[in-house]
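Asks: I'll drop the sequence and a predicted model, then ask my questions.
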Amino acid sequence: MSNTLSWQHRLAERGVDRKLWLLLPATIFVLLLFIYPFLYGLSLSFRPMNGGGVLANYQKFFDDAYQRDTILTTLKISLPAALLNVLAAVPIAFRMRGRFRGKRLLTTLLVVPITLGTVLTAQGLLNYLGPTGWFNRVLMSLHLIDDPVRLTNNYWGVFFSLVITGFPFAFLLVLSYLSGIDPTLERAAATLGASRSQRFRRITLPLLAPGLATTFLLTFVLAFSVFPSAVLVGNPAGSTRVISLAAYQAAYEQYDYAYASAIAMIMGAVELVVVVIVLLWRARLYTGSTGGKG
Amino acid sequence: MSSRAIKATPTAWFIWAAVIFFFVNLAGVVGSVLVSSFGQRWFDTWVPSGFTTQWYGDAWREFGLLQVISVTLLASGLVVVLSVLVGAPAAYVLARQNFPGKRLVYLTFLLPILMPPITYGIPLATVLYKFGFAGHLSGVVLANLVPSVPFVILTMTPFIEQVDPRIESAARMLGANTRAVFLKILAPLLVPGLLASAILVLVRTVGMFELTFLTAGPDSQTLVVALYYSMSAAGIRAQQSVDAMAVMYTAMMLVLLVVALRFVNPTQLVARVKEEPSE
């Protein structure tokens, strides 16, 4: 009796007590709905539907140029879009930190495109940027162009859709990271004679860089899984045939779940490579206290 | 400080111009859908030739929107309730206690948010089909729980950290059992956090396309999935009734958004990825 008591006592000192039971529902949930399906998909991908070796599905993907190129297509859309969203967010957020009138209105307006989602954005882009849409009309009546610019059903349609949904997301994140940096640090630098650009380069940017890396990652994950807009405003048979579309077609048009799982695993692996590269770069940055709430 | 905001440097002008350019185009994107949904015929002109509201009635009947909207609300409601019930207790433990393997548990809970939905969605849908859940409302709810539970954990943790643990200790000393501490002490103090995470999960679930798309059957489509199908099957229906449906979807999202912003900070809508404390 006293033996079990002291045993429980020692565990409790390390933080293992009855309260940990509260983790049980969430743990069961993650195991059943996330870990198990993932492992199931992984093992399924090694059991090709039409026979063949263990790696036949992966071989099939990399041997077929039409499938293999989806990796490059996806990266060619998602990396520039994520990079542009983060880089454009920095100067704008930098100008808008601190208090000013209408800041809440502005941030509210910026949340709108996030909630619109990709499907509605796609519909709007088709109307607005189409050959007879308002955008081309304005340019033509200003005599900037003679013929309508083709901006939908190709690479640019998807790119713009990613900017519209991704930029506000990146901006709000960068803004929250920026407001976490203690403004007195910059004021101290100014007192010591640092110019505005020096203050930005030597004080703010190094403190902000880890946050920028995180923002880039989250924006990239959003852009990497682009699916509805690639079909609706893109050219799903050619220049915007992204990897998620290849996975979808394998599963729901060819009913080859093993092959679809293999593509999903490849997609996860490619994304993971980018994530790891950015995280390794981020680990080299200063991540100590910024003095603020960030 | 205020004088600096008024003095406009060339860079400031450039930045404000970029912001305005973004918003003008955004207004164009949303506005063109709105105008088109009220237009009679709109081909090669600035505005439609006449205005009508008939497309809303058409869309409502053709796409069976009453059923679609009730499915959307039912599925999202179930996801909200279940994800709060599962996520909030876990958030409590993760916010309050240090235990061996905490980092691993935390990382596992974070993973579903960091992965693109299609990557885990396809294996998940395969499993759900295998057990007969997919194609029904239950499959849609189960699939949408995957990113929602981690999201509840992430949003609830800072709210729980704000509650002083001494309040709980005091209640315990006065004889309250665990149940009473939770129901009478923690729950009332955590109402803002619960509301915030519930409304965020609601907004995200109504807008979630990929997971619902992969697991929904003909009777369990949510509004955004029905919108996608009506768009990709273009040519069968009048463009304007698709636009009308898109406007109804936007209106629903905007109502949710206005409600959400009463309870939460805009940055919270985006993400609440807390940096690992490095101090």
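Replies: All right, it came through fine.
Asks: Break chain B into its domains for me.
Replies: Listed domain ranges for chain B are B:2-52, B:56-270 (source: automatic domain parsing).
Asks: longest helix in the chain, by residue count?
Replies: I went with chain A, as the question did not name one. helix A:65-96 (DSSP state H).
Asks: my question was about chain B
Replies: Max-length helix for chain B by DSSP H is helix B:65-96.
Asks: List the buried residues for the helix or strand following that one?
Replies: Remark: after helix B:65-96, the chain's next helix or strand is helix B:102-114, criterion DSSP states H and E. For helix B:102-114, the neighbour count (16 or more other CB atoms under 10 Å in any protein chain shown) marks B:105, B:106, B:108, B:109, B:111, B:112, B:113, B:114 as buried. Glycine gets a C-beta too; all of them are placed from N, C-alpha and C.
Asks: tell me the contacts of residue 127?
Replies: If you meant another chain, say so; for now it's chain A. A:133, B:29, B:32, B:33, B:36, B:243 (CB atoms under 8 Å, 6 or more residues apart in numbering or on different chains).
Asks: meant chain B, my bad for not saying
Replies: Here residue B:127 is in contact with A:36, A:37, A:40, A:41 (CB under 8 Å, 6+ apart).
Asks: Among these, which one has the most neighbours?
Replies: Counting neighbours by other CB atoms under 10 Å in any protein chain shown, the top entry in the contacts of residue B:127 is residue A:41, with 26 neighbours.
Asks: roughly how far is the strand or helix carrying residue B:158 from the heart of the chain?
Replies: Per DSSP H and E, residue B:158 falls inside helix B:137-162. Its chain's C-alpha centre and that of helix B:137-162 lie 11 Å apart, by CA atoms, centre = their mean, to the nearest Å.
Asks: What mean pLDDT does stretch B:33-47 get?
Replies: Throughout stretch B:33-47, pLDDT has a mean value of 76.
Asks: Which residues does that stretch contact?
Replies: Counting by CB under 8 Å, 6+ apart, residues outside stretch B:33-47 touching it are A:120, A:123-124, A:127, A:132, A:134, A:137, B:48-53, B:55-56, B:239-240, B:243-244, B:246-247, B:250.
Asks: Using ChimeraX, define a selection of the buried residues within those.
Replies: Applying 16+ other CB under 10 Å to those, the buried members can be selected in ChimeraX as follows:
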select /A:120,123,124,127,134 /B:48,55,56,239,240,243,244,246,247,250
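Asks: Excluding residues flanking it in the chain, which one is nearest residue B:147?
Replies: What sits nearest to residue B:147 in space, not counting adjacent residues and going by CB to CB, 6 or more residues apart in numbering or on different chains, is residue B:112, at 5.2 Å.
Asks: Could I get the contacting residues of that neighbour?
Replies: Residue B:112 neighbours (CB under 8 Å, 6+ apart): A:30, A:34, B:120, B:146, B:147, B:149, B:150.
Asks: ok, and the most crowded of those residues?
Replies: Result: residue B:149 is most packed of the contacts of residue B:112 (other CB under 10 Å), 30 neighbours.
Asks: that older thread, for the contacts of residue B:112, which one is nearest residue A:178?
Replies: residue B:150 (25.7 Å; CB to CB).
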